[in-house]
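**Student:** Would you be able to build a 3D model of this:
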Amino acid sequence: MLGLSKCHSGLTEHIQARSNEVKVRQQFLAAEPVGGTPEPLGTFMRAEIDKWALLVKAANMKAD
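**Tutor:** You can find the predicted model right below:
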């Protein structure tokens with residue numbers, strides 16, 4: 001789950017209050033939650049975008 005650093009505090013409190021529901025849902029989806037700082041996440045996201053952009057371009061995919 002990603003959010004802006006300036007997220008409304010009411011929203012983050014709501015999500016934290018439902019954290020057990022989120023954990024159960026993540027387990028059901030076989031998701032592996034990880035924590036970290038924005039810098040490694042940004043590096044990972046840029047690498048993923050670059051990787052998938054190559055596939056999209058190679059397959060000549062277009063958004064509808």
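**Student:** Which element, helix or strand, includes E48?
**Tutor:** Taking DSSP states H and E as the definition, E48 sits inside helix 38-58.
**Student:** Distance from the chain centre to that helix, please.
**Tutor:** Mean C-alpha position of helix 38-58 versus that of the full chain (Cα atoms, centre = their mean, to the nearest Å) differs by 12 Å.
**Student:** Quick one: residues in contact with it.
**Tutor:** Here helix 38-58 makes contact (Cβ atoms under 8 Å, 6 or more residues apart in numbering) with 2, 5, 61. (C-beta placed from N, C-alpha, C; glycine too.)
**Student:** quick check: mean pLDDT across that helix?
**Tutor:** Predicted confidence along helix 38-58 averages 92 (mean pLDDT).
**Student:** ok, back up a step: list just the nearest of the contacts of helix 38-58 to G36.
**Tutor:** For G36, the closest of the contacts of helix 38-58 turns out to be L2, at 11.5 Å, with distances computed as Cβ to Cβ.
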